[in-house]
Structures are given as structure tokens and as C-alpha cells.
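Peer 1: Curious how this folds, go ahead:
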Amino acid sequence: MVVQNPNNWHWVDKNCLPWAQEYFTTHLTNVSSSGVVVDAVKSLTGDCEVCQRKGKVISLYDLALTLTYKSDDHNGEITVPEIMYDTEPQEYQFSLDARVPENIRVIIRAEIVPKLRQLLSQFGKDLIQTHGRDIQVGLDQVESTLTKENANLDFMKPVIKEKTLFNTTKKEESKALPKYAQGYNITSLHIKDEFNTTAEQLFQTLLDPQRVMAWTRAPVEGLPSWGANLKNCEFRLFGGGVECKVLEANVEKSVIYWRLANWKAGHYVKITFTFKQGESQTDVEADLDGVPIGEEETVEAQFKERYFHSWKVVFGFGAVL
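Peer 2: Residues are numbered from 1 along each chain as shown. Coordinates of the predicted model:
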């Protein structure tokens, strides 16, 4: 690309959408885990540019990406509806079609998505690294002190907008981490739903191995028969993708350590289930403490879908929205 721009003073931009298609094909395909493999970029739409004015180089892009994946049991798509120049890694959204088998969905959410999130966060840096110099004349041709300083200070820096999230993260990092959650900087989630059944039925649904096998649609490892002492019981769900330990098991309140198998060893989320029975329904509140920062979306989506949604679908405990 030949640039006619004395002193790098004027606005110059370069369309990088074709390069972005090649980049995602190279870096995202073949991401794999537990038998699930991302095998192609199905579509990439939107805008992708690098721009410069007065020596300052920035990236501007707003993309929608659809990937395809394959496994022995199911082939499907992963959609990332928004990839923007100012998106933080934890803000990327990933959606799957409704027909995905439960075991495949768990693998994608717990193992594939974190890998994709990390790779996507590198895109803006690589975009400027690759194309930034194409839209500027060489520094040996620049006489303006201002544009020289801008080039030295700002080249290869993607645009980042200030967000309240940064301040929130700093506050979380300053807290002493609990013993069960030492692997990451952490935050908390509060999830609530209502069910057309009793607190006793919901408590049993949470920890009775026969019921657990029904709503997880998979064998349960380590959970004893209903009625046995559950305190300090360790068990695994979803083919080992989720590991749990019971701290307290009561119909009013149950406390469980819960972790995704791909997290750092020893890091758990502490989930406190509170069952509040009313005249016609029972409210269930789940307080999740120790959620790794950046994993909030994955944990919340998995919890809502695997627990509350499945309880309603499998046992008819309420309307599914």
C-alpha cells in the first residue's frame, strides 16, 4: 500500500476485513477439547479497519463471527455476535443452537469458550502490528515533531474505552481471597428462580443421585443413595466436567463447593442454596462466591441452564421462558 500523506498528518484508513477472515481461520480453527473441535469459520461480517491521523494509529472494528465445530456425537455452530475494538475479554458473548446435546454444551462452555475468549482478545493487537505501518510514511520522511511523538507513543496500541468494570475489578482484587478460591481474582453472583413445587422436592432434586442423573442426562460419580450422610461427599457431574463437594445439606439451606474441571486445582465456587417455600411456590436463591473474574458469563449460563432450567423441563416444576 503506497501512502501519500506528508508527515502522517491526514486521516488514512485500510480495510482489513479479508485479513480478519484469514486471521480467524488460522487462529480459531483446530481449537479443541474433549473431542470437540472448531473446524471452520462459517461467516465473518462487519467492518475492520486500521486508521491513522497525525501519526496516531488505531484499530476500529465491529464484527460478527460464526464458527462451526464437530464431534463424534454432534456438529454445530458457535456464534460470537459482537467483536469490537473496545470489547474486553470477559464481555465476549458466545451462543449455541438449542439442539446441542448436554454433554457437548458443557464441554464448549467450560473448555472451548475460554480458549476462544483468549484468542479473540489478541486480535486487536495483531491487527495493528500487521497493518499499522502500511498506512504511514516512514519516520525518516516525517518532519513534524508532533506526529513523530504520536508514532512513538501510540503505535500498536488498540483503542480501549474506560469502563466501570475496571474499577470494580480493582476492588475485587484488593479483597483477601477465601481458602476455597485461591486460584483467581474473584467476584460473586446471585441467581434466583421460582418453582411450582415444595422445598423438600427441590432439595431432593439437588442431591438425590437418581434425580441428578435425570436432569444432567448423564451418570453421577460419587454421590451416595438418597438418605445417606452427604456431609463432605465429593461427586462429579456431566462426565467429570463439574466437580462438587457437599458442605451442608438441609432442606432450608444447602452449601456446595462447585468447580469446572479445567480451573486451577483447588479453586472452587461456594454455592449457597436457600429454599424459601410459600403457599403456592418455592423460591430458590443461589449465592455463588468465588467466581473467577472473566468467567461470570460462563458460570451463570451453565448454572441457569444446567440446574434451574433443567429442573423445570425434566420434572415440570414451572414454566420455561
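Peer 1: mind listing the strands for this protein?
Peer 2: Along the chain, the stretches classed as strands by DSSP state E are 12-15, 32-33, 36-53, 56-70, 75-84, 95-96, 186-195, 234-237, 242-249, 253-260, 269-277, 282-292.
Peer 1: and Q210, which of the ones you listed is closest to it?
Peer 2: strand 234-237 (13.4 Å; CB to CB). Placement of C-beta: from N, CA and C, glycine included.
Peer 1: Which strands or helices does the closest one pack on?
Peer 2: Applying 3 or more CB pairs under 8 Å, 6 or more residues apart in numbering; DSSP states H and E, one finds that strand 234-237 makes contact with strand 242-249.
Peer 1: Check which helices and strands the strand it packs on sits against.
Peer 2: Taking 3+ CB pairs under 8 Å, 6+ apart as the contact cut, strand 242-249 packs with helix 199-207, strand 234-237, strand 253-260.
Peer 1: I'd like to know which elements the first one is packed against.
Peer 2: The one in question is helix 199-207. Against helix 199-207 (3+ CB pairs under 8 Å, 6+ apart) you get helix 209-216, strand 242-249, strand 253-260, strand 269-277, strand 282-292, helix 310-315.
Peer 1: ok, now which ones touch V251?
Peer 2: 199-200, 203, 275 (CB atoms under 8 Å, 6 or more residues apart in numbering).
Peer 1: Before we move on, what's the pLDDT of it?
Peer 2: pLDDT for V251: 93.
Peer 1: again with V3
Peer 2: For V3, the model assigns a pLDDT of 42.
Peer 1: Ok, V299 next?
Peer 2: 85.
Peer 1: Now for it, how many residues are close by?
Peer 2: 23 (other CB atoms under 10 Å).
Peer 1: these two touch, right, it and H267?
Peer 2: No - using CB atoms under 8 Å, V299 is not in contact with H267; the gap is 12.0 Å.
Peer 1: any common contacting residues for those two?
Peer 2: Joint contacts of V299 and H267 (CB under 8 Å, 6+ apart) are P292.
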